[in-house]
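Chemist: Sequence and computational prediction follow.
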2 protein chains.
Amino acid sequence: MLHLQEDLCNAKRQTLIHRLQSTKLAAQSDIETEDEAWNGLSIKQVEFNMIACSFCGLGQRIAPQHRIALSLHGISKDLNTRVPDCFSADRFSDALLSACRMYVEDCSRRSLVPTKVSILIVVGDNEGNIYDHRALIGCLLLKSPEVNVLYHSFNYLKTGLKLDSNFRLFVDNQEIAVVYFRTGYTPDAFPDEETWNVKYQLEQSLAIKCPCIQYMLANTKIIQAALSKPKYLSRFFQPDSASYVNILSTFVHQYTLDEEMEISDSTEIQYAVNDCLLRPDDYVLKPQREGGGNNYFGEELAQKLKSIITHSERKFYILMKRIQPYTFENYILNSSSMFEESKARKMVTEMGIFGAILARKNHIFLNECSGHLLRSKPLESNEGGIVAGFGCLDSPFLV
Amino acid sequence: MLHLQEDLCNAKRQTLIHRLQSTKLAAQSDIETEDEAWNGLSIKQVEFNMIACSFCGLGQRIAPQHRIALSLHGISKDLNTRVPDCFSADRFSDALLSACRMYVEDCSRRSLVPTKVSILIVVGDNEGNIYDHRALIGCLLLKSPEVNVLYHSFNYLKTGLKLDSNFRLFVDNQEIAVVYFRTGYTPDAFPDEETWNVKYQLEQSLAIKCPCIQYMLANTKIIQAALSKPKYLSRFFQPDSASYVNILSTFVHQYTLDEEMEISDSTEIQYAVNDCLLRPDDYVLKPQREGGGNNYFGEELAQKLKSIITHSERKFYILMKRIQPYTFENYILNSSSMFEESKARKMVTEMGIFGAILARKNHIFLNECSGHLLRSKPLESNEGGIVAGFGCLDSPFLV
């Protein structure tokens, strides 16, 4: 994908950017905090996702569902504030529709006359999260019935896609204003050259990409590790500003395993590797990946770390201090609840904040918080993926 | 049930009435109409339902769903007006909550201090329409999280019910403000004396009943047949009023089979029976029942009619001219659509209008249209019940 990026940079065709982002935060036990209100807890960032951010569609439905469930259990006071609203499907629909309008304006500026425009959602061949997508599409169509939504896989696009001489993108003869990627962040999404070619053409096109390739690259774990360092964060925030201090306080220690990236130096790396091999449960080893299921924990981490540390493969990983989240007891309701009695389990929780940004060059048209997503999972499960079956959708309950 | 009614009338305890009603209308081919705009169609009333009126919960969700489906098929112009909104779950929730407030006021007037009040929904032991009920309950709880909703069968209430000396109703020690009957309109709902006793106690109580027993009785087919006659309708509407003329025009011919009720006279009955035996497909024979699946059509009608006409059993039936509805081609999407290809079928459609009325003696507090429900079914199916598997939920599409 880096290759693609260089090509496109040279071509300087991509003037429109658009991302839908999700920041995940988790509350961490931290006995050193002095803030009594947080009762010994502080907020730590797990990661930042540009493309593997699901549940903007279904997320909006969780708050009403949990309010109903609480009412049925006799907890009714101030429910509308204690279980905060989340309008992620509305906000993301609005952002996608704004992007459509921006595309039309941009075409007019180039004296192109777009016909009716469409949104192309690119999904996997055996997409597992269709109900979430359908919830977003439903919301989109209720807001704007005339917008056309296409829902296709890379495989389908191998034959159905066309770029005209102005780099306008057409799929089945319908002009695409926005390409919303819900796939394309794992190696198996690109099994052959033709798939890469589809991705290349989508990126080449005038259509607004969500996320654009630059944002996908800026979203790698290495960049996230870099931004956790004062020397890189200070490029974007004044070191004496409150934002700088607040943001910096959300990072746990993150290390590259090679000093070549100029993020961690050899002393730091040496210390982290030694400490990790002594206390592997205090760390997580993350490859340059989005989506769940790829991280190493515990003894497996130690084995993996030993096997890569002397090879160039180490450049593809970051070593991160493991967040020790606040634990509580709760119940998970899922399809197996039909067959076995629910019992309280030790759980941990992770808060995601949805965001949408729509920009052209340095001009930002829209940059907003688009809702929240609380995910809870049993303490014993390292991974939190909901579609993967580890975690479940949850709601904050303010006390 | 008539016995109950007499008892209660004597006791004169029931001062609060509340009904949720549904009027079903169907468009009938009528070449005699002169109204060009209706293009040869006129509106005919199928029946009036007080208790067997389902889908106020799910009905509200149909319009958005069909708007989304139409958008996906490229039909997007003026969708919000062409597929009209239906807020039946909201309106019925509001009506039930108004009834709760009225109960509390009524208690205060009697110097009773109600504790937190509850709504009791009475359902069947093996209730089949739970998703519709849950949709209404969800809507209720989102509007008013503090209201308590109990959901029980007559069977459960045999032991869980208590009336205090002021006839306040308690179920599991929770004070019931409103009893919303979703069952109790078929003989098999009352298998034993204890069940009748539960019904009796519910009716005796101060709680507002939906529908009250008077309305249930006024809703029998015999009363509907009576109201189709000028001499009875003119009790409620001035014969020279537009309402009188309009309402009268919606009735098809309805006959009792015994002149004792003073609805149809012997000449009329003689004519109708002879005509029906010659042309049974032009008639429907209806017992004194609510809910689908009990009517006689065609050859079966002729057999039944011959077997009852000389017996007193004839008093329990009305003979009604069959409405010949407008037919059109459409598709039904249901669970079997997963396994077989959908194909266009000849369909007929029936429009229901939800209504809510809340009154004390002659004082009407609320009397409003609460939404609509369009049901479509294949032409070859005599019955239109959706839970029974004959029909499906539909939406009007204004042209």
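Modeler: Thanks, I have the structure now. Numbers count the residues shown, from 1 in each chain, chains lettered A, B, ... in the order given.
Chemist: hang on, isn't A:Q201 packed against A:L161?
Modeler: Yes: the criterion here is C-beta atoms under 8 Å, and A:Q201 meets it with A:L161 at 6.0 Å. C-beta: built from backbone N, CA, C; applies to glycine.
Chemist: Show the average pLDDT along the longest helix along chain A.
Modeler: The longest helix of chain A (DSSP state H) is helix A:88-109. The pLDDT scores in helix A:88-109 average 95.
Chemist: now the strands: where do they sit in the stretch 51-200 of chain A?
Modeler: A:117-123, A:148-153, A:161-163, A:169-171, A:174-181 (DSSP state E, counting those that start in this stretch).
Chemist: nearest to chain B, of those?
Modeler: Proximity of the strands of the stretch 51-200 of chain A to chain B was assessed by C-beta to the nearest C-beta; the nearest stretch is strand A:148-153, lying at 7.3 Å.
Chemist: for the closest one, what is the average pLDDT?
Modeler: Computed over strand A:148-153, the average pLDDT equals 94.
Chemist: in it, what counts as buried?
Modeler: A:N148, A:V149, A:L150, A:Y151, A:H152, A:S153 (16 or more other C-beta atoms under 10 Å in any protein chain shown).
Chemist: ok, now stretch A:78-88?
Modeler: Buried, per 16+ other C-beta under 10 Å, within stretch A:78-88: A:L79, A:R82, A:V83, A:C86, A:F87, A:S88.
Chemist: Please apply the same query to stretch A:105-120.
Modeler: So stretch A:105-120, judged by 16+ other C-beta under 10 Å, has buried residues A:D106, A:C107, A:P114, A:V117, A:S118, A:I119, A:L120.
Chemist: I'd like those written out as JSON lines, with distance to chain B added.
Modeler: Shown next, in JSON lines, are these (distance: C-beta to the nearest C-beta, whole Å):
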{"residue": "A:D106", "distance to chain B": "23"}
{"residue": "A:C107", "distance to chain B": "21"}
{"residue": "A:P114", "distance to chain B": "17"}
{"residue": "A:V117", "distance to chain B": "13"}
{"residue": "A:S118", "distance to chain B": "11"}
{"residue": "A:I119", "distance to chain B": "12"}
{"residue": "A:L120", "distance to chain B": "14"}
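Chemist: so which one among the residues you listed has the lowest pLDDT?
Modeler: A:P114 (80).
Chemist: quick one: it and A:V104 touch, right?
Modeler: Yes: the criterion here is C-beta under 8 Å, and A:P114 meets it with A:V104 at 5.4 Å.
Chemist: Give me every residue in chain A that's in contact range of chain B.
Modeler: A:64-65, A:67-68, A:70-72, A:74, A:76-77, A:79-80, A:137-138, A:141-142, A:145-149 (C-beta under 8 Å from any C-beta of the partner chain).
Chemist: Taking those residues, please make a PyMOL selection of just the buried ones.
Modeler: Selection of buried members from those for PyMOL, criterion 16+ other C-beta under 10 Å:
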select buried, chain A and resi 64+67+68+70+71+72+76+79+137+138+141+142+145+147+148+149
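Chemist: quick one: which of the residues of chain A next to chain B sit in helices?
Modeler: Those of the residues of chain A next to chain B lying in helices (DSSP H): A:64-65, A:67-68, A:70-72, A:79-80, A:137-138, A:141-142.
Chemist: could you redo those residues as a markdown table and give each row pLDDT?
Modeler: Converted to a markdown table, those look like this (pLDDT from 0 to 100):
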| residue | pLDDT |
| --- | --- |
| A:P64 | 95 |
| A:Q65 | 94 |
| A:R67 | 94 |
| A:I68 | 93 |
| A:L70 | 92 |
| A:S71 | 90 |
| A:L72 | 87 |
| A:L79 | 90 |
| A:N80 | 88 |
| A:I137 | 96 |
| A:G138 | 95 |
| A:L141 | 94 |
| A:L142 | 94 |
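Chemist: Just put those residues in TSV and tack on distance to A:S370.
Modeler: Shown next, in TSV, are those (distance: C-beta to C-beta, whole Å):
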residue	distance to A:S370
A:P64	18
A:Q65	19
A:R67	20
A:I68	23
A:L70	24
A:S71	27
A:L72	29
A:L79	22
A:N80	19
A:I137	16
A:G138	17
A:L141	18
A:L142	17
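Chemist: in stretch A:352-364, what's buried?
Modeler: Buried-residue list, stretch A:352-364, by 16+ other C-beta under 10 Å: A:G352, A:F354, A:G355, A:A356, A:I357, A:L358, A:A359.
Chemist: How far off centre is it?
Modeler: Stretch A:352-364 has its C-alpha centroid displaced from the chain centroid by 14 Å (C-alpha atoms, centre = their mean, to the nearest Å).
Chemist: for it, what is the average pLDDT?
Modeler: Average pLDDT, stretch A:352-364: 91.
Chemist: now do stretch A:122-130
Modeler: Here the average pLDDT along stretch A:122-130 is 91.
Chemist: Just the buried positions in that stretch, please.
Modeler: A:V122, A:V123, A:G124, A:N129.
Chemist: thought A:G391 was touching A:S376?
Modeler: Yes: the pair A:G391 / A:S376 is scored as a contact, 6.1 Å apart, by C-beta under 8 Å.
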